[in-house]
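A.B. asks: Take a look and give me a structure for this.
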Amino acid sequence: MIHKISYFTYMALVGLTINLSAEGGVALQSNMVVDNTNIQSESMRESKNAVLALNYLHASLNKIKMYNDKRVLEDEYDNIINNINLTAINDKEIVDIITKLMDTLSAFRLKEMDKERFKKIYEQKLQSALSDSLLQVGANIKSGVLIGQVMDPTTAVILIANSTKNAYKNYTSTQENAKDELAESMWKLKKNDISELNKIRKEFLITYWKIMKRYNIPDNWRITEKQLTRFVNVTKETDEKKKYRQLLRMKNELAMLPTFWFELSLSAHSLGEKDEELSDIRQYEALNQKLLRHNAQYSLMLANSTAYLDPKIQQEQIQNILQKIQKIDPRNPERKLFVAMQYAAIGDVKKAEKLLNENIDDNFLPLVSKKMKLKVFIKSQQTEAYTSIVNELLEQQKLSVLENLAYLGDFPIASLVKEVKKDIDDIGIIIKKSLYGKDHLVVALPKGWVLKDIEDAKLFLILNKDEIKADSVEIEDKFLVYTYKSIISEDDLKEKKIKQITLKLIYKEIPTKIVYDVKIEKPTTVDEDTKENNESNESSFLRSLFVKSSKAYAEYRSEIKFLPSKIQMGDKCFDVLNNLTKCKDVK
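C.D. replies: Model (predicted):
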């Protein structure tokens, strides 16, 4: 399963790293992580790697047991077998326990078919989270730390970082959602499986004892089962401030666990604790020198650190971080999205496009990657490339109406104008006569306006400045039908007492307003002044009666039409009567 980073929200990561030297590591007390000045000898490095390896393996096994989930087992199996640098381990006992652990875990792994199903569910959730965030920012709607910003690559960088970080942070809830969609037998470990894992856990204590005796390692370097259990429970805490306080109190006891510094850095980042976050990154670097290889944790920490750099004046520093991310986590497709948009933000469009194309070729979130490319093309003014992708997505019906509006505001092209016009014209509004009191207003909204999660869509009627909620909503094959009961009088409309109505759609926190002018079309009537001379011999009474009846008939047969005049999404406004050009005045 692919490892995750932050709405949408997708997985539990384990620290993986390359051969990096600590830059000015912080000197710590004897009961905390080893002072960097004391670990330069070969013997000290060997002892540190030995303990780190055991703590790493022990933490993975503990997590599998606590989650009781084959997907967590699958992640941990991949982390161990693909990322531990065996050349950094000189102790046969540790290699033996790695071998036994792999043999045991392999028996309980997911079947390939089940693995693909979980992967598909995860990627759908991540794609949905990223697409929603893209739409919110494209409409200049508040999204996390973003508000009132044009959707340029710099904004996209923050968007991706937050969406992927939230996906990681909400790992537990994401699991629960996936479990609802799949049979329990697919993901839950059996009692016999747990028993087999417990046998391996017992061997850790013996191995710890041998290694600690060999290198004369203090006992407080070893992370106990109780400490690991408490740590995992703290990481599940949904109150970020509470979790941060708890993690701070665990610094001493978990100083020799790289994953601890990763979790603490994420918590610090979410609360804007810059100094603590950067200190946590240094501590993580100090621990991971040779033991681990590809490192999804470290790459996320580095990605988060770019939040403190300005892409307009600190391009070199950002570029150095991006190069390091690519070196230590080259195959992570989510990180590629982040790195691509960072490259675009500092002006390196070619590298950005290359990384996005890699994701498209690998079929990882191809739709999101194409939408990201649109932002890159807007920045680099590649009109033909932009038009080509927009037309492709329109043809495949991969864009919602709101996305069409967002892209129309960024870079208007003929195909988008045509599509949005059709989208507006497809909305149906009728007056449904009531036997008593006022009449009902019925609105048929095509599902293309929301595309997915249609239950989250809310459509309000604004009448005389009053915002009115629909009395009923019916989901039909191609439409969402909203009914506003006893709300409007057909006579008032015909008498032009109501000249305008507004529909307000709220979807994914995005308000979209469509203003309609009320137009009354009447059939031709007989005007008394236009009577022919040959009617002059008729009595005035008959002539008057004829004219009145003609007007009454015309009034009866009058047709009420609602003609769209303006549409506004976020801070983007379009004049429907003027080929969807930008409104001259936005209220």
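
A.B. asks: how much space between the spatially most central residue of the chain and Gln342?
C.D. replies: In the chain, the centroid-proximal residue (CA atoms, centre = their mean) is Ala129; its distance is 2.6 Å. Counting by CB to CB, to the nearest Å, the separation of Ala129 from Gln342 is 19 Å. C-beta coordinates here come from the backbone N, C-alpha and C atoms, glycine included.

A.B. asks: quick one on the thing from earlier: report the separation between the residue nearest to the centre of the chain and Tyr122.
C.D. replies: 11 Å.

A.B. asks: do the same with Asn295
C.D. replies: Remark: distance between Asn295 and Tyr122 (CB to CB) = 20 Å.

A.B. asks: More neighbours: those two, which one.
C.D. replies: With neighbours defined as other CB atoms under 10 Å, Asn295 and Tyr122 compare such that Asn295 has more, 27 against 23.

A.B. asks: tell me which residues of the host helix or strand of Ile321 are tucked away?
C.D. replies: Using DSSP states H and E, Ile321 maps to helix 315-328. Buried positions in helix 315-328, judged by neighbour count with 16 or more other CB atoms under 10 Å: 315, 317-319, 321-322, 325-326, 328.

A.B. asks: tell me the domain ranges of this structure?
C.D. replies: As given by automatic domain parsing, the domain ranges for the chain are 324-421, 426-527+539-582.

A.B. asks: What's the end-to-end length of the shortest one?
C.D. replies: In other words, domain 324-421. 47 Å (CA to CA, to the nearest Å).

A.B. asks: Please work out the average pLDDT along that domain.
C.D. replies: Domain 324-421 comes out with an average pLDDT of 90.

A.B. asks: roughly how far is it from the heart of the chain?
C.D. replies: Domain 324-421 has its average C-alpha position 15 Å from the chain's average C-alpha position, going by CA atoms, centre = their mean, to the nearest Å.

A.B. asks: Now for the residue nearest to Val349 when sequence neighbours are not counted, how many residues are close by?
C.D. replies: Counting by CB to CB, 6 or more residues apart in numbering, Val349 lies nearest to Ser380, which is 4.4 Å off, once chain neighbours are set aside. Neighbour count for Ser380, taken as other CB under 10 Å: 17.

A.B. asks: and Ser380, what are its phi and psi?
C.D. replies: phi -90, psi 0 (degrees, to the nearest 10).

A.B. asks: how close does the closest residue to Lys351 other than its chain neighbours sit to Lys566?
C.D. replies: Nearest residue to Lys351 in three dimensions, chain neighbours excluded: Tyr343, at 4.3 Å (CB to CB, 6+ apart). With distances taken as CB to CB, Tyr343 is found 38 Å from Lys566.

A.B. asks: And the strands in this structure?
C.D. replies: 428-432, 439-446, 458-463, 466-469, 472-475, 479-488, 500-507, 510-521, 559-569, 572-575, 581-582 (DSSP state E).

A.B. asks: Which one of these lies nearest to Leu264?
C.D. replies: Counting by CB to CB, Leu264 lies closest to strand 510-521 out of the strands of the chain; the figure is 34.7 Å.

A.B. asks: can you state the direction angle for the closest one and strand 559-569?
C.D. replies: Strand 510-521 runs at 160 degrees relative to strand 559-569, counting by axes from the mean of the first three to the mean of the last three CA atoms, to 10 degrees.

A.B. asks: buried sites along strand 510-521?
C.D. replies: For strand 510-521, a neighbour-count test (16+ other CB under 10 Å) marks 510, 512, 514-516, 518 as buried.

A.B. asks: How about the contacts made by the residue nearest to Lys324 when sequence neighbours are not counted?
C.D. replies: Nearest residue to Lys324 in three dimensions, chain neighbours excluded: Leu302, at 6.0 Å (CB to CB, 6+ apart). Residues near Leu302 by CB atoms under 8 Å, 6 or more residues apart in numbering: 281, 321, 324-325.

A.B. asks: same question for stretch 269-288, mean pLDDT?
C.D. replies: In the prediction, stretch 269-288 has an average pLDDT of 92.

A.B. asks: again with stretch 509-522
C.D. replies: 89.

A.B. asks: on that earlier part again, mind checking which of Tyr343 and Lys566 has more residues around it?
C.D. replies: The neighbour count for Tyr343 versus Lys566, taken as other CB under 10 Å, is higher for Tyr343 (26 against 22).

A.B. asks: just the domains of the chain: most buried one?
C.D. replies: Among those, judged by mean count of other CB atoms under 10 Å, the one packed with the most neighbours on average is domain 324-421 (a mean of 19).

A.B. asks: quick one on the thing from earlier: next one: the residue nearest to the centre of the chain, what pLDDT does it get?
C.D. replies: 73.

A.B. asks: same deal with Gln317?
C.D. replies: pLDDT, read off for Gln317, is 96.

A.B. asks: ok, now which ones touch it?
C.D. replies: Applying CB under 8 Å, 6+ apart to Gln317 gives the contacts Leu309.

A.B. asks: From here on, call the first residue 44.
C.D. replies: Sure, I'll start counting at 44 from here, so that last one is Gln360.

A.B. asks: Asn263: which of the strands of the chain is closest?
C.D. replies: Closest to Asn263 of the strands of the chain, according to CB to CB: strand 553-564, at 52.4 Å.

A.B. asks: which other helices and strands contact that closest one?
C.D. replies: Secondary-structure packing of strand 553-564 (3 or more CB pairs under 8 Å, 6 or more residues apart in numbering; DSSP states H and E): helix 444-453, helix 533-537, strand 543-550, strand 602-612.

A.B. asks: Can you lay out those as JSON lines showing distance to Trp492?
C.D. replies: Converted to JSON lines, the helices and strands packed on strand 553-564 look like this (distance: least, CB to CB, whole Å):
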{"stretch": "helix 444-453", "distance to Trp492": "4"}
{"stretch": "helix 533-537", "distance to Trp492": "25"}
{"stretch": "strand 543-550", "distance to Trp492": "7"}
{"stretch": "strand 602-612", "distance to Trp492": "11"}
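
A.B. asks: out of the ones you listed, which comes closest to Val524?
C.D. replies: Across the helices and strands packed on strand 553-564, closest to Val524 is strand 543-550 (CB to CB), at 13.2 Å.

A.B. asks: quick one: strands adjacent to that closest one?
C.D. replies: The strands beside strand 543-550 in its sheet (DSSP bridges) come out as strand 501-506 (antiparallel), strand 553-564 (antiparallel).

A.B. asks: tell me the angle of it relative to strand 482-489?
C.D. replies: Put simply, strand 543-550 runs at 50 degrees to strand 482-489, going by the same axes, to 10 degrees.

A.B. asks: what comes into contact with strand 543-550?
C.D. replies: For strand 543-550, contacts defined as CB under 8 Å, 6+ apart pick out 445, 470, 484, 486, 488, 492-493, 499-506, 510, 531, 554-561, 605.

A.B. asks: how about 7 Å then?
C.D. replies: Contact with strand 543-550 is made by 445, 486, 492-493, 499-506, 510, 554-561, 605, as judged by CB atoms under 7 Å, 6 or more residues apart in numbering.
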